[in-house]
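In: Please find the sequence and the predicted model below.
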Amino acid sequence: MGIVQIAITLVIILLLVKPMGSYLVKVFDYEKTSLDRIFGPFERIIYRMMGVRDSEAMGWKRYLSAMLLTNFIMLLFMYLVLRLQKFLPLNPDGIGNMPSAQAFNTAVSFITNTNWQSYSGENALSYLSQLLSVTFPMFTSAATGFAVAIAFIRGLIGRQDNLGNFFVDMVRSITRVFLPLSFIIALFLVFQGVPQTLLGAADATTLEGAKQTITRGMVASLESIKHIGTNGGGWFGTNAAHPFENPTPLTNLVYILSMMLLPTSLVYAFGLMIKNKKQGWAVFTAMGLIFMVMLATVFMSEYRGVPALDAMGVHGNMEGKEVRFGLSGSALFTAATTAATTGSVNNMHESLTPMGGFVPLAEMMLNNVFGGKGVGLLNGLLYLILSIFICGLMVGRTPEFLGKKIEAKEVKLASIALLVHPVLILAPTALAFARPEALSSIANPGMHGFTEVLYAFTSGSSNNGSAFAGLNANTNFYNVGIGIVMLFGRYISIIAMLAIAGSLATKRIVPVTTGTLRTNTPLFTGILIMVILVIGALTFFPALALGPIAEHLAMPH
């Protein structure tokens, strides 16, 4: 039954790819469509309030400047709300101000679409903070990722340094994609029993006569954009394992579909926008095959369970999982949330088997198995550019992609974007084990404790947000350290990719000849997969060998 559940979910995801991908093209191609009659009036009001001319084009430097300035202003605003929430309205439970280091970490986390939380939401944030410093940036950070990905695609097929208009792309992402989908999903969640109220915590008396305080709030609205925008985080500390956030198997299914909907559809939209569907499907196939291997690994590992307990008649690893989701629902959620860099969890990754925990780590380290909306496609195209360059070296020809030559500048920028990811993971992990205050946060000694720290910085660099719960990350070292990692992990790669887009946009098209490397064939798809896996293994295998792999080998078999 578990395999059947997973198969049905995957089939539904595939069925949604083409219609959603086609819709995304209509949203971002700037051509007049029937959608303009619905969304146009609202968008024009927003542009007028912002002082933006929607017809104004931006080169890559101006597009990048607009993105960075907008994100920086929102970051400051969110930080101030967190630091002053005690004095602001919509605080019925009287929650105090968030400490400075934690407020920095939280503001950075949500502006970078990471949604890492070193706090428990129901105890640390007022309703206003949940709205303005959590839910609001869930829309804007998701829209930023979408906008950058669309701008890069325009650079690939453009004839001049014109990547569109960042403000228009961000607004259209929110009004035409995230708001409508979030509204529909939120209504469904309320129907399933997820709370949506401005009232404070409720006091209740249990059947045994004990007093209990039940936290509630605007949970449904947060959960909808949290998953459709691949944001992560949660209203409650236990995230999507909490019965108020994820009450039924049906909500669990909707969350998985929501996480995978836009990242998978954007890859198909990429093929449509470059007018080469085969190229889009080649990238989709590479990502999809890696995802299937990861899903099979975590699924089989959790079903096999722990050998010592299996010998005692306890089959499968249900530790840290909700019975209402079971092993299959938990395994699929684990693979999906780190493939789509969402960070929402319906089970404790800390309690996964060693190889089960290996899967979310590996997906975040590769950071291109569909990935978050926009950023996953960008990382996939980075590996694509590198694969084309390697193939060009092998045949002694200047590599080309979509008729444009890939030269030293593009390869250098792609290499910077790819190399900064492992540096941001491995260097801070090593530093943490040299700092006594960082070591004191580790709940488990040995290999598992190493994995806790490695997972934290991997999650930050990948802008994922999930965690191994055994690590106490609410310290100045981890709040500041992971905050810096999240900032660099988000923006260095975006800067490099927009620079590549600007460079490619001004290049002339080279005619196709018999020596042109075709990048939409099964052969090149296989090469792309091998390049991704080889680079990932060379970069991260030593660290993984010290953590989950060593822990797996240490178990009695």
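Out: Arrived safely, thanks for sending. Residues are numbered from 1 along each chain as shown.
In: which stretches of this structure have low pLDDT?
Out: Low-confidence segments of the chain, defined by pLDDT under 70: 557.
In: Which elements pack onto the longest helix along the chain?
Out: Scanning the chain for the longest helix, with DSSP state H as the assignment, gives helix 476-505. Where contact means 3 or more Cβ pairs under 8 Å, 6 or more residues apart in numbering; DSSP states H and E, helix 476-505 is packed against helix 60-84, helix 100-111, helix 136-157, helix 375-395, helix 408-432, helix 436-439, helix 446-461. (Glycine included, C-beta is placed from N, CA and C.)
In: again, only this time at 6 Å
Out: With contacts defined as 3 or more Cβ pairs under 6 Å, 6 or more residues apart in numbering; DSSP states H and E, helix 476-505 has these neighbours: helix 60-84, helix 100-111, helix 136-157, helix 408-432, helix 446-461.
In: List the buried residues for it?
Out: Buried positions in helix 476-505, judged by neighbour count with 16 or more other Cβ atoms under 10 Å: 477-490, 492-505.
In: and what of stretch 416-425?
Out: For stretch 416-425, by 16+ other Cβ under 10 Å, it's Ala417, Leu418, Val420, His421, Pro422, Leu424, Ile425.
In: coming back round to it: and the angle for the longest helix of the chain with helix 60-84?
Out: If you take axes from the mean of the first three to the mean of the last three Cα atoms, to 10 degrees, helix 476-505 sits at 160 degrees to helix 60-84.
In: Specify the angle between helix 476-505 and helix 408-432 in degrees.
Out: 170 degrees.
In: buried set for the helix or strand just after helix 476-505?
Out: Toward the C-terminal end, the helix or strand that comes next after helix 476-505 (DSSP states H and E) is helix 522-546. Applying a neighbour-count criterion of 16+ other Cβ under 10 Å, one finds 524-525, 527-529, 531-532, 535-536, 539-540, 543-544, 546 buried in helix 522-546.
In: any idea how far the residue nearest in space to the middle of the chain is from Tyr127?
Out: Computing the C-alpha centroid of the chain and ranking residues by Cα atoms, centre = their mean puts Thr341 first, at 2.5 Å. Separation of Thr341 from Tyr127 (Cβ to Cβ, to the nearest Å) stands at 27 Å.
In: circling back to that earlier point, distance between the longest helix of the chain and the chain's centre?
Out: Offset of helix 476-505 from its chain centre (Cα atoms, centre = their mean, to the nearest Å): 14 Å.
In: can you check stretch 544-555 too?
Out: Worked out by Cα atoms, centre = their mean, stretch 544-555 lies 26 Å from the chain centre.
In: what does stretch 282-301 give?
Out: Centroid separation for stretch 282-301 versus its chain: 17 Å, with Cα atoms, centre = their mean.
In: Also stretch 471-480?
Out: The chain centroid and the centroid of stretch 471-480 are separated by 21 Å, computed with Cα atoms, centre = their mean.
In: Alpha carbons only: can I get it in CSV?
Out: Extracted C-alpha coordinates of stretch 471-480, given in CSV (Å, rounded to 0.1, in the frame of the first residue of the first chain):
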residue,chain,number,x,y,z
LEU,A,471,21.1,20.5,17.7
ASN,A,472,20.3,23.5,19.9
ALA,A,473,20.8,26.2,17.2
ASN,A,474,19.5,29.1,19.4
THR,A,475,22.9,30.4,20.4
ASN,A,476,24.8,33.4,19.2
PHE,A,477,27.3,31.2,17.3
TYR,A,478,24.6,29.3,15.3
ASN,A,479,22.2,32.3,14.9
VAL,A,480,24.9,34.5,13.4
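In: Identify, from the buried residues of helix 522-546, the entry nearest to Gly280.
Out: Thr525 (11.6 Å; Cβ to Cβ).
In: Can you lay out the buried residues of helix 522-546 as JSON lines showing distance to Val108?
Out: Formatted as JSON lines, the buried residues of helix 522-546 follow (distance: Cβ to Cβ, whole Å):
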{"residue": "Phe524", "distance to Val108": "38"}
{"residue": "Thr525", "distance to Val108": "36"}
{"residue": "Ile527", "distance to Val108": "37"}
{"residue": "Leu528", "distance to Val108": "32"}
{"residue": "Ile529", "distance to Val108": "33"}
{"residue": "Val531", "distance to Val108": "31"}
{"residue": "Ile532", "distance to Val108": "28"}
{"residue": "Ile535", "distance to Val108": "27"}
{"residue": "Gly536", "distance to Val108": "26"}
{"residue": "Thr539", "distance to Val108": "24"}
{"residue": "Phe540", "distance to Val108": "24"}
{"residue": "Ala543", "distance to Val108": "24"}
{"residue": "Leu544", "distance to Val108": "26"}
{"residue": "Leu546", "distance to Val108": "28"}
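In: Show me which pair in those is furthest apart.
Out: Every pair of the buried residues of helix 522-546 checked by Cβ to Cβ; the farthest is Phe524 and Leu546, at 34.1 Å.
In: that older thread, in CSV, list the helices and strands packed on helix 476-505 along with distance to Val267.
Out: Shown next, in CSV, are the helices and strands packed on helix 476-505 (distance: least, Cβ to Cβ, whole Å):
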stretch, distance to Val267
helix 60-84, 22
helix 100-111, 25
helix 136-157, 10
helix 408-432, 18
helix 446-461, 22
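In: what about these, which gets the closest to Gly374?
Out: When the helices and strands packed on helix 476-505 are ranked by proximity to Gly374 (Cβ to Cβ), helix 136-157 comes first, at 3.3 Å.
In: list the helices and strands the closest one packs on?
Out: helix 100-111, helix 166-173, helix 375-395, helix 476-505.
In: and the third one with helix 476-505, angle?
Out: Spelled out, that is helix 375-395. Relative orientation of helix 375-395 and helix 476-505, computed by the same axes, to 10 degrees: 60 degrees.
In: Give the partner strands of whichever helix or strand comes after helix 375-395 in its sheet and their orientations.
Out: Using DSSP H and E, the helix or strand that follows helix 375-395 in sequence is strand 400-401. Partners of strand 400-401 in the sheet, by DSSP bridges, are strand 404-405 (antiparallel).
In: Residues contacting the partner strand from elsewhere in the structure, which ones?
Out: Contacting residues not belonging to strand 404-405 are listed as Thr398, Leu504, Lys507 [Cβ atoms under 6 Å, 6 or more residues apart in numbering].
In: May I see the residues you listed organised as JSON lines, with distance to Leu289 added?
Out: Converted to JSON lines, those look like this (distance: Cβ to Cβ, whole Å):
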{"residue": "Thr398", "distance to Leu289": "29"}
{"residue": "Leu504", "distance to Leu289": "27"}
{"residue": "Lys507", "distance to Leu289": "31"}
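In: so which of those comes closest to Leu15?
Out: The closest of those to Leu15 turns out to be Leu504 (Cβ to Cβ; 33.2 Å).
In: residue contacts, that closest one?
Out: So Leu504 contacts Gly155, Leu156, Lys404 (Cβ under 6 Å, 6+ apart).
In: Turn the buried ones among those into a named ChimeraX selection, would you?
Out: Of these, the buried ones can be selected in ChimeraX as follows, counting by 16+ other Cβ under 10 Å:
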select :155,156,404
